[in-house]
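K.L.:
missing the sequence, but the structure's below:
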């Protein structure tokens, strides 16, 4: 099973889109809202300063790219 983490923030339509996509595909994920200082620091440690930032099995995706998400998850 793939490990998926989504770094999000409030009032972020692309974050909502990504969460909805993974939910519809029945792919479990962990959401980390960066209003939590620990999660914000984790995001910075990934050299990312925007949301959503998605990790799939340790690989960082800095932008919403459904095709790349699917490839990383083995979805065709």
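P.N.:
Done, it's in. For clarity, every value in this text was computed on a predicted model and none was experimentally measured.
K.L.:
contact partners of stretch 8-26?
P.N.:
4, 6, 28-29, 31-35, 51-52, 54, 64, 66, 69, 73, 75 (C-beta atoms under 8 Å, 6 or more residues apart in numbering). Every C-beta, even on glycine, is put in place using the N, C-alpha and C of the backbone.
K.L.:
quick one, helices of this structure?
P.N.:
13-24, 37-45, 66-73 (DSSP state H).
K.L.:
Would you mind listing the buried residues in the last one?
P.N.:
Within helix 66-73, the residues that count as buried by 16 or more other C-beta atoms under 10 Å are 69, 72, 73.
K.L.:
ok so, going back, residue 58: which of the helices of the chain is closest?
P.N.:
Set against residue 58 and scored by C-beta to C-beta, the helices of the chain come closest in helix 66-73, at 10.0 Å.
K.L.:
so residue 5 touches residue 54, yeah?
P.N.:
Yes - with contact defined as C-beta atoms under 8 Å, residue 5 counts as touching residue 54 (7.2 Å).
K.L.:
Per-residue pLDDT of the nearest residue to residue 51 once chain neighbours are set aside, please?
P.N.:
The spatially closest residue to residue 51, leaving aside those adjacent along the chain, is residue 9, at 4.8 Å (C-beta to C-beta, 6 or more residues apart in numbering). Confidence at residue 9, expressed as pLDDT, is 97.
K.L.:
Looking at residue 5 and residue 54, which one has more neighbours?
P.N.:
residue 54 (25 against 18; other C-beta atoms under 10 Å).
K.L.:
wouldn't that one be in contact with residue 27 here?
P.N.:
No - judged on C-beta under 8 Å, residue 54 makes no contact with residue 27 at a distance of 10.9 Å.
K.L.:
what sits in contact with each of the two?
P.N.:
In contact with both residue 54 and residue 27: residue 4, using C-beta under 8 Å, 6+ apart.
K.L.:
burial measure for residue 65, as a count.
P.N.:
Counted with other C-beta under 10 Å, residue 65 comes out at 12.
K.L.:
Run through who's touching stretch 63-76.
P.N.:
Against stretch 63-76 from outside (C-beta under 8 Å, 6+ apart): 2, 4, 14, 17-18, 21, 25, 27, 52, 54, 56-57, 59, 61.
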